[in-house]
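K.L.:
Predicted model follows, preceded by the sequence.
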Amino acid sequence: DAAFFAEADRRGLPVVTWHEERADVIAALVKMPILGICSDRPEMVARHRRPHPKVPEIVCHRGACGIAPENTLAAAGAAWSAGFGTVEIDVRETADGQLVVHHDPTLERTTTGSGPVAGKTLAELSGLDAGSWFDRFFTDERLPRLGEVTELAHRLGGRLYVELQQA
């Protein structure tokens with residue numbers, strides 16, 4: 001309550017919550033004068049980030065591609081969950097007119113497939129592993145559809161910088 005925060009302020013003590021996972025409680029907490037919210041579900045907290053006008057915008061190239069395979073849901077989710085606001089992704093069109101998130105014109109570098117992305121259908125691409133090249137932890141990470149990434153952005157309160165490689 002207000003008396004608690006006034007006393008903490010008087011003593012110069014920051015307030016940090018611990019292990020909060022309830023969406024309604026997190027929404028209320030971010031309106032209070034607290035230093036931080038510790039959560040096993042950082043994606044729930046990330047949507048409540050407060051922008052600061054003097055902080056430069058940081059765009060995570062192909063997601064958090066230093067800790068998860070580039071242009072995957074894991075990389076995008078890691079970037080937003082870590083508190084970054086914007087993720088850059090690359091988009092290509094499949095042979096059947098679907099939009100997938102992938103940088104290179106061909107599949108070899110970051111998937112278990114081969115050949116041009118534009119020469120494959122979404123069904124052919126959906127079974128490819130897009131993560132094991134990075135680390136075995138990400139085995140079976142899939143090539144995401146653009147819609148899957150936009151849904152994740154919406155759910156986590158993130159923004160997208162979409163680069164059309166071919167579409």
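P.N.:
Okay, I see it.

K.L.:
Going by C-alpha atoms from here, please, whenever you check contacts or count neighbours.
P.N.:
Noted.

K.L.:
So V87 is in contact with V59, correct?
P.N.:
Yes: counting by C-alpha atoms under 8 Å, V87 does reach V59; the two are 5.4 Å apart.

K.L.:
shared neighbours, these two?
P.N.:
Y161 (C-alpha atoms under 8 Å, 6 or more residues apart in numbering).

K.L.:
Which one's more surrounded, the two?
P.N.:
V87 (25 against 17; other C-alpha atoms under 10 Å).

K.L.:
Return the residues in contact with the more buried one.
P.N.:
V59, C60, H61, R62, G63, A76, A79, W80, G158, R159, L160, Y161.

K.L.:
Next: L160.
P.N.:
Listed by C-alpha under 8 Å, 6+ apart, the contact set of L160 reads T86, V87, E88, I89, T150, A153.

K.L.:
Restricted to strands, list these.
P.N.:
Judged by DSSP state E, these include T86, V87, E88, I89 as members of strands.

K.L.:
Can you show me the strands along the chain?
P.N.:
Ranges of strands in the chain, per DSSP E, are 16-17, 36-37, 59-61, 86-93, 99-101, 159-166.

K.L.:
Where does the prediction get shaky in this structure?
P.N.:
18-19, 36-57 (pLDDT under 70).

K.L.:
in this structure, which spans are helices?
P.N.:
For the chain, the helices defined by DSSP state H occupy 2-11, 23-29, 42-46, 73-81, 122-126, 146-156.

K.L.:
from those helices, which stretch is densest packed?
P.N.:
Across the helices of the chain, averaging neighbours per residue (mean count of other C-alpha atoms under 10 Å) puts helix 73-81 on top, at a mean of 23.

K.L.:
ok, back up a step: can you tell which of the helices of the chain is closest to H102?
P.N.:
Proximity to H102, assessed across the helices of the chain by C-alpha to C-alpha, is greatest for helix 146-156 (9.6 Å).

K.L.:
okay if I get the helices of the chain as CSV plus distance to D135?
P.N.:
Below are these laid out as CSV (distance: least, C-alpha to C-alpha, whole Å):
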stretch, distance to D135
helix 2-11, 45
helix 23-29, 32
helix 42-46, 23
helix 73-81, 12
helix 122-126, 19
helix 146-156, 21
